[in-house]
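Chemist: Need coordinates for the following:
(one chain, ligands or ions: 1)
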Amino acid sequence: MADMTGKLVLGFGGITDMEPCIYRDNGHYDGTLVELNVRKVELVELFSDLNLMDAASSTHNDKYGCRWGGGANGLFPVTTETIDALRQLNTKKRVAREEAEERQFAEAAARVKLLTESGLCPKCGTWCYSDCQEAR
Ligand SMILES: [Zn+2]
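Modeler: Presented below is the predicted three-dimensional model:
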């Protein structure tokens, strides 16, 4: 494996330590076992709408080292084409998630409107005359 110092690499991070991301490899982590090839990394781009499985095939099982820390800590060589593909997939999934959230919000608002118009309590869906809210 060529020296990866200074190169963009594929790894995993984010709040779960399992979200695909692009790191810059800043060289060997001093004071760690050489054979583990622990690397200093700097986050360049996090694909927070993707999960481990979305990028599993992009690693090509070609782990060259790891970052310091837990979770999925393997580091893998990556091409510009793969970075672009992951970015596009992340955007697609983010848009789908946002649309689903908007749809849920619109459905909830429509339900409250329907219940309110029919004289029902929007919270419990019965003619409770808001007693249900005082009981809590
Ligand atoms: Zn009620």
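Chemist: Quick check: residues of the protein near the ion?
Modeler: 121, 123, 124, 128, 132 (Cβ under 5 Å from the ion). C-beta coordinates here come from the backbone N, C-alpha and C atoms, glycine included.
Chemist: could the residues you listed go into a markdown table alongside secondary structure?
Modeler: Putting the residues of the chain next to the ion into a markdown table (DSSP: H, G, I helix; E, B strand; the rest coil) gives the following:
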| residue | secondary structure |
| --- | --- |
| 121 | coil |
| 123 | coil |
| 124 | coil |
| 128 | coil |
| 132 | helix |
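Chemist: between these, which has the most around it?
Modeler: Among the residues of the chain next to the ion, the one with the most neighbours (other Cβ atoms under 10 Å) is residue 121, at 16 neighbours.
Chemist: Is the residue nearest to residue 8 when sequence neighbours are not counted part of a helix or strand, or is it coil?
Modeler: Of all residues beyond its chain neighbours, the one nearest residue 8 is residue 22 (5.4 Å), with distances taken as Cβ to Cβ, 6 or more residues apart in numbering. Secondary structure, three-state DSSP: residue 22 is strand.
Chemist: if we can go back for a sec, state the pair within the residues of the chain next to the ion that is farthest apart.
Modeler: 123 and 128 (8.0 Å; Cβ to Cβ).
Chemist: What residues of the helix or strand of the chain with the lowest mean pLDDT count as buried?
Modeler: Here the helix or strand of the chain ranked lowest by mean pLDDT, DSSP states H and E is helix 131-134, holding a mean of 76. By neighbour count on 16 or more other Cβ atoms under 10 Å, the buried set for helix 131-134 is empty.
Chemist: Which other helices and strands does that helix contact?
Modeler: Applying 3 or more Cβ pairs under 8 Å, 6 or more residues apart in numbering; DSSP states H and E, we find helix 131-134 packed against no helix or strand.
Chemist: Could you export that helix as PDB, CA atoms only?
Modeler: Provided in PDB are the C-alpha atoms of helix 131-134 (Å, rounded to 0.1, in the frame of the first residue of the first chain):
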ATOM      1  CA  ASP A 131     -60.900  17.000  29.600                       C
ATOM      2  CA  CYS A 132     -58.100  14.700  28.400                       C
ATOM      3  CA  GLN A 133     -55.600  17.500  28.600                       C
ATOM      4  CA  GLU A 134     -56.500  18.400  32.200                       C
END
